[in-house]
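Chemist: Okay, structure incoming, though there's no sequence with it:
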């Protein structure tokens, strides 16, 4: 993992630091997942976004189905486009959401009001200092968000604080021991980036992998600008998870998550999302059973549940 060391007395929250401002600005300009779906009008965008998301990552609905949200006070950290917020409310949850960016807050409110879904509060702020009293929530949920903060330990402390006794935490973090990280990011993407300098190759890679052309060209531009230092893993891990302009990402093994969540008990893990395009053609010869086995062990999304 990559860490930016900040002493507690230096800042109240990461958002007050230069890197915190960069992280907020990146996600403000790039709301999670928006480049996968064209926006015609907001209602249709949300419908199309959810359809794409849950076709691509059907395990999210499976995992959400493992939690009983009925009449439970739920806090979601980083609701993004509000897809899971809608599912939680439709499942009976008493919902509150917190996001670092104004853009996400506005989109989530727009969605919930558009579909007449009740909620307690959706606000902008840092998860390092949650604006709720101790023991407020029955469930804290966050999907693919808190690993984008170099002060993730402060966030986990706050999650623990606002959970009621026996409250449940449900998180998804990027998995260090995944095919995506150990094969695709560490080797294939770093080596393949040099091919992007060949005429016509970016367009071919775009068609074969589904990676947006503008992202491929930005990787090429970054490498040209920064030289080989761009490909050092302590730097490239950030640029290869959520786009070449992404400021910060970390990846975690099960052992590292156990240490991160050491305040919690009854930790349970599951792994999802094989991303078949990372199998380098093997996806066409491997059986479905083998793929499922690989996903269960080497999936990119590491889900963890625990109790306070």
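Modeler: Yes, it's here. Remember, it's a predicted structure, so these values are computed and weren't measured experimentally.

Chemist: burial count for residue 68?
Modeler: A count of neighbours around residue 68, defined by other Cβ atoms under 10 Å, yields 13. (Each C-beta comes from the backbone N, C-alpha and C, glycine too.)

Chemist: wait, isn't residue 235 in contact with residue 229?
Modeler: Yes: using Cβ atoms under 8 Å, residue 235 is in contact with residue 229, at 6.5 Å.

Chemist: the more surrounded of those two?
Modeler: residue 235 (14 against 10).

Chemist: Pull up the gap between that one and residue 178, please.
Modeler: 19 Å (Cβ to Cβ, to the nearest Å).

Chemist: Next: residue 84.
Modeler: Distance, residue 84 to residue 178, using Cβ to Cβ: 21 Å.

Chemist: what does residue 150 give?
Modeler: For residue 150, the distance to residue 178 - Cβ to Cβ - is 21 Å.

Chemist: Residue 187 now?
Modeler: 13 Å.

Chemist: Have a look at these two and say which one is more surrounded.
Modeler: residue 178 (27 against 10).

Chemist: Next, give phi and psi for the more buried one.
Modeler: phi -110, psi 160 (degrees, to the nearest 10).

Chemist: With the one 3 residues further on instead?
Modeler: Note on residue 181: backbone dihedrals following degrees, to the nearest 10 are phi -80, psi -50.

Chemist: ok, it touching residue 175?
Modeler: Yes: with contact defined as Cβ under 8 Å, residue 181 and residue 175 form a contacting pair (6.8 Å).

Chemist: Quick check: neighbours shared by those two?
Modeler: Listed as contacting both residue 181 and residue 175 by Cβ atoms under 8 Å, 6 or more residues apart in numbering are 251, 300.

Chemist: Compare these two (neighbour count), which wins?
Modeler: Set residue 181 next to residue 175 and count neighbours by other Cβ under 10 Å: residue 175 wins out with 26 against 21.
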